[in-house]
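Asks: Let's see this in three dimensions:
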Amino acid sequence: MIWFKDVFGRNVRLTDERREHLETAHPEMAGQLDKVAKTLEAPQTVVKSSTDTGAELYYRFYSLTALGDKYLCVVVKVKAEDAFILTVYFTDSIKKGDIIWPAR
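Replies: Just a heads-up that it's a prediction; the model follows:
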């Protein structure tokens, strides 16, 4: 298991099972843990998921990824005393939803 700190000061875990899933389902994510850490600790925006009220989507833009210029999206499930990564992927755009970072 790997632990990260997010912009809100929470500890966010990435289980070994989720890490293996990411590297299998999204092979472009292999070797990208430094970007995952940076996206969690210094996102450009965080959006509350409109389909899962317990999920938050952290976005940060990166140039020259394996897929070109993309946002990295780290999806974190947040519970009362727990926060863990569900998935991570590169995307062209930020999903709509309530922006919770930066505070407005």
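Asks: ok, then the element right after the helix or strand containing Glu56?
Replies: Using DSSP states H and E, Glu56 sits within strand 55-65. Per DSSP H and E, the first helix or strand lying C-terminal to strand 55-65 is strand 68-79.
Asks: tell me what the helix or strand just after that following strand is packed against?
Replies: Scanning forward in sequence from strand 68-79 by DSSP H and E, the next helix or strand is strand 82-91. The contact analysis (3 or more C-beta pairs under 8 Å, 6 or more residues apart in numbering; DSSP states H and E) places strand 82-91 against strand 11-14, helix 16-25, strand 55-65, strand 68-79. From N, CA and C alone the C-beta is placed, and that goes for glycine too.
Asks: Throw the ones you listed into TSV and include mean neighbour count, thanks.
Replies: Compiled in TSV, the helices and strands packed on strand 82-91 are given as follows (neighbours: other C-beta atoms under 10 Å):
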stretch	mean neighbour count
strand 11-14	18
helix 16-25	14
strand 55-65	17
strand 68-79	18
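Asks: Under the pLDDT cut-off, which ranges of the chain? List them.
Replies: 103-104 (pLDDT under 70).
Asks: Spell out for me which residue occupies the centre of it.
Replies: Val74 (1.1 Å; C-alpha atoms, centre = their mean).
Asks: Contacts only, for the residue lying closest to that residue once chain neighbours are set aside.
Replies: Closest residue to Val74 apart from its sequence neighbours, by C-beta to C-beta, 6 or more residues apart in numbering: Tyr58 at 4.4 Å. Applying C-beta atoms under 8 Å, 6 or more residues apart in numbering, we find Tyr58 in contact with Asp6, Val7, Thr39, Leu40, Pro43, Thr45, Val46, Cys73, Val74, Val75, Val76, Trp101.
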